[in-house]
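Peer 1: Task: produce atomic coordinates for the following.
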Amino acid sequence: MPKPRKTLVSLEATPYYHCVSRCVRRAFLCGEDTHSGNSYEHRRDWIQERMRALADVFSMDICAYAIMSNHYHVVLHVDRAQAESWDDAETIRRWHLVFSGHPLTHKFLAGAPLLKVERRLVGDLATLWRSRLMDISWYMRCLNESVARQANEEDGCTGRFWEGRFKSQALLDEKALAACLAYVDLNPIRADMAKTPESSDYTSIKERIATALTATKHNEKQPGHLMPFVGNPREEMPKGLPFRLADYLELVDWTGRALRESKRGQIPADLPPILERLQIDPRYWLHMANNFEGRFKGLVGAAYRLKAACKSLGYRRTPNLAVCRELLT
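Peer 2: The predicted structure is shown next:
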């Protein structure tokens, strides 16, 4: 039986979450429908643009994404500190970018005088909205609802477009995060939709590679709307993914080539250094790159991190413990 979302998300345990939404109907999210002959490629733009727009409103960073034919993946980083630094005016301004808000909040932003009780209500609403703007469920709701409305209007029908719940996995440590990022970025290659990471359309890895190839001394080496790679963990660590960009790109390239070889048990000798730093057996790495979503449910990380997270969430048992011990410890 599915667990309530509040028992799957703990910002004290990790700010990183892998989310997946799948279509419930035969109608495609995007791509070419071989049954009807219709093309839905333009819907990839819908979800990509909405994903970026919402990330600018919410206290969220997009770490990775891949938009497939009937589902999409996104790895989100929840920036709790940023949300808690917003005052009431900034919180309300952001909320109004997505929702209509309340008449009193519009008066507040316009600088109109408010009664004491009205100002208290505005403060309560700002507190509520601030918590929602760092909630992955509200982010996914705003993303999926917009796309569903557009798709239903285009298809001339009503009803559900997405499955009832999006799937989420909490990524508790660096190993889980690296494995999930690569799993998401290599989705089109596993599905035989692309031969190389740089040719896989509507993925974060293609954006990162394209930006890195065109970078100059005066231009950024990483896309501005994706969470940057800031290097290996150290003191005074800036905000960003705890890996070097070059190491990660090498890892994805190596993993993609290994997956395409389709020779189980045969591991290339030139292992990326990131695997050595994370102390991951390359055989286990390739297994995770192929089966991350299927092998792990809910919480993912080393055994001790998994136990700590389950304890903080009040679990009576520790799910995934055996597979996390095998693959990530």
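
Peer 1: So residue 278 sits against residue 177, correct?
Peer 2: No. Counting by C-beta atoms under 8 Å, residue 278 sits too far from residue 177 to count as a contact (9.7 Å). For every residue, glycine as well, the C-beta is placed using N, CA and C.

Peer 1: If you count surrounding residues, which of these two has more?
Peer 2: Counted by other C-beta atoms under 10 Å, residue 278 and residue 177 do not tie: residue 177 has more neighbours, with 24 against 18.

Peer 1: Wait, a helix at that one?
Peer 2: Yes. Counting by DSSP: H, G, I helix; E, B strand; the rest coil, one finds residue 177 located in a helix.

Peer 1: pLDDT score assigned to it?
Peer 2: Per-residue confidence (pLDDT) for residue 177: 96.

Peer 1: Likewise for the one 5 residues further on?
Peer 2: If you check residue 182, the pLDDT there is 95.

Peer 1: can I assume it is in contact with residue 249?
Peer 2: No. The pair residue 182 / residue 249 is not scored as a contact, 10.6 Å apart, by C-beta under 8 Å.

Peer 1: The two: which is more packed in?
Peer 2: Using other C-beta under 10 Å, the more surrounded residue of residue 182 and residue 249 is residue 182, with 23 against 20.

Peer 1: ok, residues contacting the one helix or strand that one maps to?
Peer 2: Assigned by DSSP states H and E, residue 182 belongs to helix 174-185. Helix 174-185 is contacted by residues 16, 18, 63-66, 73-75, 169, 171, 197, 200, 203-205, 233, 241-243, 248, 251-252, 255, 274, 278, 280, 285, 288-289, 292-293, 296, 300-302, 328 when judged by C-beta atoms under 8 Å, 6 or more residues apart in numbering.

Peer 1: Now for the residue lying farthest from the centre of the chain: which residues touch it?
Peer 2: Relative to the mean C-alpha coordinate of the chain, counting by C-alpha atoms, centre = their mean, the farthest residue is residue 115 (41.6 Å). For residue 115, the contact set (C-beta under 8 Å, 6+ apart) is empty.

Peer 1: how about it, phi and psi?
Peer 2: Here is the backbone geometry of residue 115 (degrees, to the nearest 10): phi -70, psi 160.

Peer 1: sec struct for the most centrally placed residue in the chain, please.
Peer 2: For the chain, the residue nearest the mean C-alpha position is residue 75 (1.7 Å; C-alpha atoms, centre = their mean). Per three-state DSSP, the local secondary structure of residue 75 is strand.

Peer 1: Isn't it up against residue 63?
Peer 2: Yes. Applying C-beta under 8 Å, one finds residue 75 in contact with residue 63, separated by 4.1 Å.

Peer 1: so what's residue 229 up against?
Peer 2: Contacts of residue 229 by C-beta under 8 Å, 6+ apart are 222, 240-241, 243-245, 248.
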